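Student: Kindly generate the corresponding structure for this input.
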Amino acid sequence: MATKRSKRYAVAAKLVDAKRLYPLGEAIKVIKSMPVAKHDQSLMIAFALTVDPKQSDQMVRGTAALPHGSGKKIRVLVFAKGKAADDAKAAGAEHVGFEDMIKKCSEGFQDFDVAVATPEAMQEVRKLGKVLGPRGLMPNPKTGTVTDDTARAVRECKAGRVEFKVDKAANLHVLVGKVSFAEELLVENSRTVIDAVYKARPASAKGAYVARAVISATHTPGVRLDLGEFARK
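Tutor: Numbering: from 1, shown residues only. Below you'll find the model as predicted:
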């Protein structure tokens, strides 16, 4: 059964040439020209990669520090004790603890967006793999969320650091900001994300790495991106 689209979506779709690849700046301009929604929509870039996620040496994962933030309030949970816990609280982490937080998460607590842990705490936090893993919340050294410098990790997460990880279908979806952001800010955030995705290319990946990239807001049609300049770097 076909999905019923709103009148606003239908108007927005007429502004996009589905067969064309748009330069980044022009694509963002098109999206910002679409009818305004009742709420401030998030802007995302979806990447279709050519890697095989089933191969451990072709896993794509990383972070991007958005220069102008994500526009989203990030709630951080930190697994730590002692000074690392105190530092995390001082930096603004919403939830900090060790045994108590592990127990709370094991019982289904999910009121957070990012989890950070000290290397010492990870021995126990790993036991939460079945709880945190499916939601992409397991702390990982590659994303800077396993560290003794908990204060820095909390500040970076709250300032606009976004994480990305390829899914089973070799796709990535990364937040780049809010539609209300000025065009130039969205362009800079988007360039940062695209650069980070290309830098995360596995050495074993052959040929074209990004098969397709589309930028869209929460309730808008997608606009296909021309990433030629990034692929040539």
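
Student: Just the mean pLDDT for stretch 154-167, thanks.
Tutor: The average pLDDT within stretch 154-167 is 89.

Student: ok, now stretch 90-99?
Tutor: Mean predicted confidence for stretch 90-99 is 96.

Student: Same question for stretch 172-189.
Tutor: Mean predicted confidence for stretch 172-189 is 95.

Student: now do stretch 11-29
Tutor: Per-residue pLDDT over stretch 11-29 has a mean of 94.

Student: buried ones in it?
Tutor: A12, V16, Y22, L24, A27, I28 (16 or more other Cβ atoms under 10 Å). Every residue, glycine included, has its C-beta placed from N, CA and C.

Student: ok, the fifth one touching A217?
Tutor: Right, A27. No - using Cβ atoms under 8 Å, A27 makes no contact with A217, being 11.3 Å away.

Student: Of the buried residues of stretch 11-29, which pair is most distant in space?
Tutor: A12 and L24 (18.5 Å; Cβ to Cβ).

Student: Look at the residue nearest to R126 when sequence neighbours are not counted and give its secondary structure.
Tutor: The shortest distance from R126 to any non-neighbouring residue, by Cβ to Cβ, 6 or more residues apart in numbering, is to M138 (8.0 Å). Following DSSP: H, G, I helix; E, B strand; the rest coil, M138 is assigned to coil.

Student: and M138, backbone torsions?
Tutor: Dihedral angles of M138 (phi, psi; degrees, to the nearest 10) stand at phi -70, psi 120.

Student: Please report the distance of it from V131.
Tutor: In this view, M138 and V131 are 9 Å apart by Cβ to Cβ, to the nearest Å.

Student: cool, and A169?
Tutor: Computed as Cβ to Cβ, the A169 to V131 distance reads 23 Å.
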